[in-house]
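Participant: I would like to see how this sequence folds:
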Amino acid sequence: MRHVLPALVRLATLGLALVAYAMVVVPMMTEPGDPNIGAGLIAFAGLVLASFAWSFVDGLRHGARPALGWWFSVAAALAAGWWVVLAAAERDASMSFGELLVADAGLLPFVFLLIAVPCAIGAGTGQALRRS
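Facilitator: Numbers count the residues shown, from 1 in each chain. Coordinates of the predicted model:
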């Protein structure tokens with residue numbers, strides 16, 4: 001339980017931030033029906049920066065091993081959640097939910113690595129500074 005709660009706090013915080021961004025900020029940035037690549041890039045950049053900074057602090061305070069465990073769990077859960085939510089959103093009535101899951105399966109490794117790589121760098125850097 002000592003390691004589950006920190007991972008859940010990080011997952012809930014990032015997940016709620018993504019939901020708030022998608023519900024509040026993105027609609028203000030685009031016209032209905034228009035694709036907004038910039039909104040997606042801002043979300044990706046926010047995930048990278050937040051996960052790097054938080055994992056850096058975790059590595060500094062707790063060491064790299066627990067930080068990486070928490071953050072790799074968060075990365076896997078966010079990747080799976082993003083994948084399911086994207087398929088559940090009504091994007092294309094001609095495809096079933098299962099077909100959308102298959103079509104978007106390539107997002108899983110992308111979103112996982114989008115979070116895991118900055119976390120590995122942040123936690124490792126925090127661990128290195130901890131020893132100094």
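Participant: which residues of this protein fall in helices?
Facilitator: With helices called from DSSP state H, the chain shows them at 4-20, 26-29, 37-62, 64-88, 97-103, 107-131.
Participant: Can you flag the weakest of those by average pLDDT?
Facilitator: When the helices of the chain are compared on mean pLDDT, helix 26-29 scores lowest, with a mean of 78.
Participant: How far away from the center of its chain is that one?
Facilitator: Here helix 26-29 is found 20 Å from its chain centre; the criterion is Cα atoms, centre = their mean, to the nearest Å.
Participant: check contacts around the residue nearest the centre of the chain.
Facilitator: Nearest residue to the geometric centre of the chain (Cα atoms, centre = their mean): Leu78, 4.9 Å. Applying Cβ atoms under 8 Å, 6 or more residues apart in numbering, we find Leu78 in contact with Leu11, Leu14, Gly15, Leu18, Leu47, Val111, Ile115. C-beta: built from backbone N, CA, C; applies to glycine.
Participant: which one among the residues you listed gets closest to Trp71?
Facilitator: For these, the closest approach to Trp71 (Cβ to Cβ) belongs to Ile115, at 7.1 Å.
Participant: what does stretch 117-130 rub up against?
Facilitator: Stretch 117-130 has contacts (Cβ under 8 Å, 6+ apart) with 48-49, 51-61, 63-64, 67-68, 71-72, 74-75.
Participant: Repeat that for stretch 81-94.
Facilitator: Contacts for stretch 81-94 (Cβ under 8 Å, 6+ apart): Gly15, Leu18, Phe97, Leu100, Leu101, Asp104, Ala105, Leu107, Leu108, Val111.
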